[in-house]
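Q: could you look at this predicted model? Sequence included:
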Amino acid sequence: MKKIKKNKKSSLRRDFEVFAKGVERLEEIKEEIDSLDTKGFEEEEKSIRSKLKNVSYIPEIEEELRILKGKINGKYKKNQRIRLVNIEEKPNLKERIVIGKEDLVKNLKNDI
């Protein structure tokens, strides 16, 4: 019986320490958001701030923060799905084909 109580206390202590670290990380994220110029990105900021009370949202918050920083720095580009189609096989193709910059360079190198 004593061993069970000791294990339970140990488990509770460990859970508390993990929770405390999560709270600490949330405070760091809050400070980081406070230091950013989020003008023009108020919705993203609001979304992040609304999650700052729950440690289980930390991975989601960190991803949103990474995206927000990219937008602020002008380096964020939404993932584009690239679909390569052989135009010769589909002569009636009317849809626009988007080729990513890396694929375009690779195709040009192959042609040279």
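A: That came in fine, so what should we check first? Residues are numbered from 1 along each chain as shown.
Q: in stretch 18-35, which residues are buried?
A: Residues of stretch 18-35 classed as buried by neighbour count (16 or more other Cβ atoms under 10 Å): 26, 29, 33. The C-beta positions use only the backbone N, C-alpha and C, and glycine is treated the same way.
Q: what mean pLDDT does the helix of greatest length in the chain have?
A: Counting by DSSP state H, the longest helix found in the chain is helix 2-35. For helix 2-35, mean pLDDT is 87.
Q: next: stretch 43-53.
A: Stretch 43-53 comes out at a mean pLDDT of 95.
Q: just the CA coordinates for that stretch, please, in PDB.
A: The C-alpha coordinates for stretch 43-53 follow below in PDB (Å, rounded to 0.1, in the frame of the first residue of the first chain):
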ATOM      1  CA  GLU A  43      -6.600  37.500 -36.800                       C
ATOM      2  CA  GLU A  44      -3.600  35.300 -36.600                       C
ATOM      3  CA  GLU A  45      -2.500  37.000 -33.400                       C
ATOM      4  CA  LYS A  46      -6.000  36.600 -31.900                       C
ATOM      5  CA  SER A  47      -6.000  32.900 -32.800                       C
ATOM      6  CA  ILE A  48      -2.700  32.300 -31.000                       C
ATOM      7  CA  ARG A  49      -3.600  34.400 -28.000                       C
ATOM      8  CA  SER A  50      -6.900  32.500 -27.600                       C
ATOM      9  CA  LYS A  51      -4.900  29.300 -27.100                       C
ATOM     10  CA  LEU A  52      -2.400  30.600 -24.600                       C
ATOM     11  CA  LYS A  53      -4.400  29.300 -21.600                       C
END
